[in-house]
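**Q** quick one: sequence plus predicted model below, questions after.
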Amino acid sequence: MIQLLACGYNFIHEDGIVIDRPKGSGDYAFVLFKSNTKLALQGKLMSIEKNTYIFLNPHTPHLYGHYEKPFINDWFHCSSNGIDAFLTEIDFPLDTPVRAEDTMLISKCIMEMSNLVRQDSPLMERILDCELKALLMKLVTLHKQTAVYEHKSRYLLPFTQLRNQLYSAPNATYTVDMLASSVNLSKSYFQHLYKELFGCSIITDLIKARLEYAKYLLMNSSTSISIISRMCGYENDTHFMRQFKKFVGVTPSQYKAGGPN
């Protein structure tokens, strides 16, 4: 179990601050720099742009401080017990400044952990262990995904937002031309990028979004199959039933009667 030792959310140092640890911190230290920073890592001085994070080994010599005032950061320290094998397993980049693709993900997690440590809960340590592991796994996933698609990284956020839109409003009418236009790409390049980023075609995702909604309605409402078909964006009941049977494996009526296999 990973033990959270201390954490700080959106710490604002109005007059700046310098943290000097010539022998390391003695535990694992994570810092999200929200201000431009000077960092000396194992004797090497570098300039760090804001919205960069680093996770430091317990015995890595380091020094960092304000390049501008105020100096703002999020941070946490955690014990080394039980974390070494986990970090090796997920291949987390230690002692390496990493550009944060989603600063809100980090800040929200640290804020929630800060609130949790103030509560008197018998499950606190177990929850914090889960929160820390989830955060580290999400960060390494984002880091690797960005590295793989580095030349396409500027499309990752708008495409992810677009995909979320499909699943949150599956009843809306979409065309590939319309979706490609929304991100200012040609239809063919849009389809190519979508499949590279998410591993499936845009058409498959449109169908999956509609059918996930249909399954929810079938199991949680008394609405007729014909109306559900319309609510999921289908103009033709027969087309809906054929597509449902093809992708789900049973008819809508069978699904409603017996639930998922």
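**A** Looks like it came in fine. Numbering: from 1, shown residues only.
**Q** give the next helix or strand downstream of the strand or helix carrying residue 73.
**A** With elements taken from DSSP states H and E, the one containing residue 73 is strand 71-78. Counting by DSSP H and E, the element after strand 71-78 in chain order, helix or strand, is helix 84-90.
**Q** show me what the helix or strand following that next one is packed up against.
**A** Towards the C-terminus, the helix or strand next in line after helix 84-90, according to DSSP H and E, is strand 98-99. In terms of contacts (3 or more CB pairs under 8 Å, 6 or more residues apart in numbering; DSSP states H and E), strand 98-99 is packed against strand 52-56, helix 124-148. All C-beta spots, glycine's among them, are computed from the backbone N, C-alpha and C.
**Q** what strands flank strand 98-99, and is each parallel or antiparallel?
**A** Partners of strand 98-99 in the sheet, by DSSP bridges, are strand 52-56 (antiparallel).
**Q** state the mean pLDDT of the strand it pairs with.
**A** Average pLDDT, strand 52-56: 97.
**Q** which residues touch stretch 83-101?
**A** Applying CB atoms under 8 Å, 6 or more residues apart in numbering, the contact partners of stretch 83-101 are 2, 28, 32, 39, 41-42, 46, 48-49, 51-57, 60, 106, 133, 136-137, 139-140, 142-144, 146, 153, 156.
**Q** burial measure for residue 14, as a count.
**A** Applying the criterion other CB atoms under 10 Å, we find 9 residues in the vicinity of residue 14.
**Q** got a list of what it touches?
**A** Residues counted as contacts of residue 14 (CB under 8 Å, 6+ apart) are 69, 70.
**Q** list the helices and strands the strand holding residue 73 packs on?
**A** In terms of contacts (3+ CB pairs under 8 Å, 6+ apart), strand 71-78 is packed against strand 4-13, strand 28-33, helix 103-117.
**Q** so residue 47 lies in a helix, does it not?
**A** No - under DSSP: H, G, I helix; E, B strand; the rest coil, residue 47 falls outside any helix and is assigned strand.
**Q** got a pLDDT number for it?
**A** In this model, residue 47 carries a pLDDT of 95.
**Q** which one is it nearest to, not counting chain neighbours?
**A** Nearest residue to residue 47, sequence neighbours excluded (CB to CB, 6 or more residues apart in numbering): residue 38, at 6.3 Å.
**Q** so which helix or strand takes in that neighbour?
**A** Using DSSP H and E, the secondary-structure element containing residue 38 is strand 37-41.
**Q** buried residues in that strand?
**A** Taking 16 or more other CB atoms under 10 Å as the neighbour-count basis, strand 37-41 is seen to contain the buried residues 37, 39, 41.
**Q** then stretch 58-73?
**A** Buried residues in stretch 58-73, defined by neighbour count with 16+ other CB under 10 Å: 58, 60, 62, 64, 66, 67, 71, 72, 73.
**Q** those residues: which two are farthest apart?
**A** Checked with CB to CB, those reach their widest spread between 58 and 67, with 25.6 Å between them.
**Q** what about residue 16, how many neighbours?
**A** Residue 16, neighbours per other CB under 10 Å, totals 13.
**Q** and it, what is it in contact with?
**A** Under the criterion of CB under 8 Å, 6+ apart, the neighbours of residue 16 are 65, 66, 69, 70, 71.
**Q** who's the last one bridged to?
**A** Taking DSSP bridges as the rule, residue 71 bridges to residue 13.
**Q** OK, contacts around it?
**A** With contacts taken as CB under 8 Å, 6+ apart, residue 71 has the following neighbours: 12, 13, 16, 17, 35, 37, 65.
**Q** again, but for the third one
**A** The contact partners of residue 69, by CB under 8 Å, 6+ apart, come to 13, 14, 15, 16.
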